[in-house]
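J.: What follows is a predicted structure for the sequence shown.
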Amino acid sequence: MSGEITAEATEASTSIRTQPSTRARPVPFAVTVIVLAGAVALTFLVSNYHLFQLTMLVGYAVAILGLNIATGYNGQISLGHGAFYAVGAYTAAILMSNFDVPYWATLPIAAIISAIIGFLIGFPALRFTGLYLALTTFALAVAVPQLLKFKGIEDWTGGVQGIVISKPEAPFGLPLNPDQWLYLFSLGVAGLLFLFAWNLIRGRIGRAMMAIRDHALAAEAMGIDLALLKTRTFAVSAMYTGVAGALSAIAVEFVAPDSFTVFVSIFLFVGLVVGGVASITGAIFGAAFIVFIPNIAEQVSKAAPGAIYGVILIAFMYLMPSGVAGLLRRLYHRLVPSSR
Amino acid sequence: MLRRRTLLTGAAAAGLVPAAPAMLRAAETPGVTATEIRIGNTMPYSGPSSAYAVIGKMDAAVFEMANDQGGFAGHKVKFLSYDDAYSPPKTVEQVRRLVEQDQVACLFNTLGTPTNSAIVKYCNAKKVPQLFVSTGAAKWGDYKDHPWTIGWQPTYQTEAQIYAKYILKEKPDGKIGILYQNDDFGKDYVTGMKDVLGDKFAKVMLVSYEVTDPTIDSQAVQLQSAGINVLLTAATPKFAAQMIRKVATMNWKPLQFLTNVSASVGAVIEPAGPQNALGIISSAYLKDPTDPSWDKDSGMNDWRAFMKKHFPDGDLSDSGYVFGYGVTLTMMQVLKQCGSDFSRANIMKQATSLKELEIPVLLPGIKVNTSPTDYRPIRQLQLMKWGGKTWDRFGDIIEGVAA
């Protein structure tokens, strides 16, 4: 299992490294534009309920992208990203309800706070590698719902009651309802974050991150400061997931400790693997899996939705061992031989 | 010619007149067609709280029975129950699906305190009745803040009021101490005691614990050394069992009250030691399916026959089935009272005008009552005492104080 992931990851990194050959680029660019235009068009085509689902999807995609930066590109397995998701969500909710900060201004603050916490947790956690790091971060995910109930911060967090916030109206008198506006807003934020991630991964730092993942000792010999780069990667990763949490809190209009159980971390990890490890577009497919598959599982059987979910997950892993993005990439290479 | 035209106009008008209100009605009453009324629900069918899912299955089965008996004013109930895995964001998603996509007339028996907290604002903004939610939190009785949301079971606050009434009667000079879990659940008990004790509440000793605490030993010592001789334990099962055991080992013999959340024999009394729990007082409002005194009870016989038909493999000791049965019978009464007007406003109006409704699985004497200023359908409980092997009910039905 892990062997497959590494093989896939290596394949991904090689293909990314060979990307800059300008011939291959126009097609993905055109595809990106079409997908983005389609996503914007959906604002006016689907119902408010589906827009809410899509807004959640966009949030999860950003969260998985964050997880992917640490796990997929840097090889640091984290089972605790739900904690950063919660930190971002609570930051947004507390700022909106206690300090009357406008929703859009909560995102950069959520980003900074999550990044700082990610950096601090990264320090001791990064002394561990592989499975040990996975367990350390998992402990974080388990602790978060209980920490959120802590009496000392109850005035801010609302304890078990949680915090109810209001969905923002569209600004500048735009003829959009709150669901449409929030979807477009989230899409815009996600678009920026994806672009930023794309540039980060393709650049010098991205190559260093992947070098550490593929062979830490060799990377160090090349002059890469392992501890520094790893903690910074973890901070960026946490920042992404924190922003995603803030977006989701605004969409759901409610945060409570029970919203951020250990399952959030697990689902993000599932989304990461299903979408495609070390793939930027994979985050979107992973998010779609998180949002839609439980509903499908429930439609199949109300008696045992968990079992159906498990079967679907196994089927995905069996049919697409390198995730949805891996499958698409292979199809693309087969259809366009010049891209190899 | 003229005659013919008038005739035509008349005929056209005659055709239009009945059609117009019908169209108007359809627009006004989402979730209702000529033959159907759609009711929505969320339940944790998956995830760690899925033990509660039997309630949703029971709800569906009772509606099915009602449909077989002819439904309500020619309408059959279509009960749409979705999985939210006890996760508030998922509840929001599923409730939006129910309200916006499936266009349900109302929500019924959505389960869980955090999950209902996540949708209460949405339901009230959309004016969708959120009826008989499955949670004991006191806040669902707040008809001023959320007039479209109503609970069903006695609230924790009501339960505490009933203990306080008993204390005032039986041990008015007792030194009262409360051990409570520091959250909504525990604090509702403190509020309930305060409601009844009034001035005397100032002397009550309050000691709290966190769910994250490993034990409550130090709290127990603290209460004992303060000379407390009337103790209310508002704790979830694990801590309740610890407390019962600790009180016994300290050789401390206060008059003990225990939240009925932790009255479970299997989860609390057995681990704490049945002998240690002797004399502890708790309360009930539903007939306990394992209590032999209901063996010949017609209400419980109906329930058992229903179980045999719809859930032949169901666990007859699972009180979730009794709860689901009782709460859905209440909902059926609301639908009956609606007549043929299933508009959201009328559903809410009928849900808040239940008078002296008897539900066969409630203890004899307990009746469901609501009004536009009383959103707590069940306000009565009967006390029970642990006799070493079973809980023995005693005394009259006691009612909590008015809001």
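T.: Nice, I can see it. Numbers count the residues shown, from 1 in each chain, chains lettered A, B, ... in the order given.
J.: Only C-alpha atoms from now on, for both contacts and neighbour counts.
T.: OK.
J.: quick one: A:Leu45 and chain B, what's the gap?
T.: Computed as CA to the nearest CA, to the nearest Å, the A:Leu45 to chain B distance reads 14 Å.
J.: how many neighbours does that residue have?
T.: Using other CA atoms under 10 Å in any protein chain shown, A:Leu45 is surrounded by 11 other residues.
J.: now swap in B:Thr373 and tell me
T.: The number of residues packed near B:Thr373 is 14, by other CA under 10 Å.
J.: same thing with B:Phe311?
T.: Neighbour count for B:Phe311, taken as other CA under 10 Å: 17.
J.: Can you mark which positions in stretch B:184-201 are buried?
T.: By neighbour count with 16 or more other CA atoms under 10 Å in any protein chain shown, stretch B:184-201 contains the buried residues B:184-197, B:201.
J.: quick one: B:Trp152 is in a strand?
T.: No - looking at B:Trp152 with DSSP: H, G, I helix; E, B strand; the rest coil, it is coil, so not inside a strand.
J.: Spell out which parts of chain B neighbour chain A.
T.: Neighbours of chain A within chain B, by CA under 8 Å from any CA of the partner chain: B:45-47, B:82-83, B:86-89, B:92-93, B:96-97, B:100-101, B:114, B:117-118, B:182-184, B:210-212.
J.: Pull out the buried members of the residues you listed.
T.: B:45-46, B:82-83, B:86-89, B:92-93, B:96-97, B:114, B:117-118, B:182-184, B:210-211.
J.: just to revisit the earlier point, now for the buried residues of stretch B:184-201, which pair is the farthest apart?
T.: B:Asp184 and B:Leu197 (20.1 Å; CA to CA).
J.: so who does B:Ile397 touch?
T.: When contacts are counted by CA atoms under 8 Å, 6 or more residues apart in numbering or on different chains, B:Ile397 touches B:365-366, B:380-383.
J.: Quick one: distance of the helix or strand harbouring it to the chain centre.
T.: Secondary structure from DSSP states H and E places B:Ile397 in strand B:391-399. Centroid separation for strand B:391-399 versus its chain: 19 Å, with CA atoms, centre = their mean, to the nearest Å.
J.: now stretch B:298-317
T.: 20 Å.
J.: So which bits of it are buried?
T.: B:299-300, B:303-304, B:306-307, B:310-311, B:316.
J.: quick one: low-confidence parts of the stretch 1-150 of chain A?
T.: Counting by pLDDT under 70, the ranges of the stretch 1-150 of chain A that qualify are A:1-27, A:125-126.
J.: That one: strands as residue ranges?
T.: Secondary structure of the stretch 1-150 of chain A by DSSP state E, counting those that start in this stretch: no strands are present.
J.: Pull up the residues of it that are close to chain B.
T.: Counting by CA under 8 Å from any CA, the residues of the stretch 1-150 of chain A that sit close to chain B are A:48-49, A:52-53, A:146, A:150.
J.: a markdown table please, covering these and showing neighbour count.
T.: Output for the residues of the stretch 1-150 of chain A next to chain B, formatted as a markdown table (neighbours: other CA atoms under 10 Å in any protein chain shown):
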| residue | neighbour count |
| --- | --- |
| A:Asn48 | 20 |
| A:Tyr49 | 20 |
| A:Phe52 | 23 |
| A:Gln53 | 22 |
| A:Gln146 | 18 |
| A:Phe150 | 18 |
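J.: hang on, isn't B:Thr135 packed against B:Thr149?
T.: No - assessed by CA atoms under 8 Å, B:Thr135 is found out of contact with B:Thr149, at 11.9 Å.
J.: coming back round to it: of all the buried residues of stretch B:298-317, which comes closest to chain A?
T.: Checking the buried residues of stretch B:298-317 against chain A with CA to the nearest CA, the nearest one is B:Phe311 at 12.9 Å.
J.: Quickly note the distance from B:Ser50 to B:Lys57.
T.: Using CA to CA, to the nearest Å, B:Ser50 is found at 11 Å from B:Lys57.
J.: now swap in B:Phe185 and tell me
T.: Taken as CA to CA, the span from B:Phe185 to B:Lys57 is 26 Å.
J.: Also B:Pro48?
T.: Going from B:Pro48 to B:Lys57 by CA to CA gives 17 Å.
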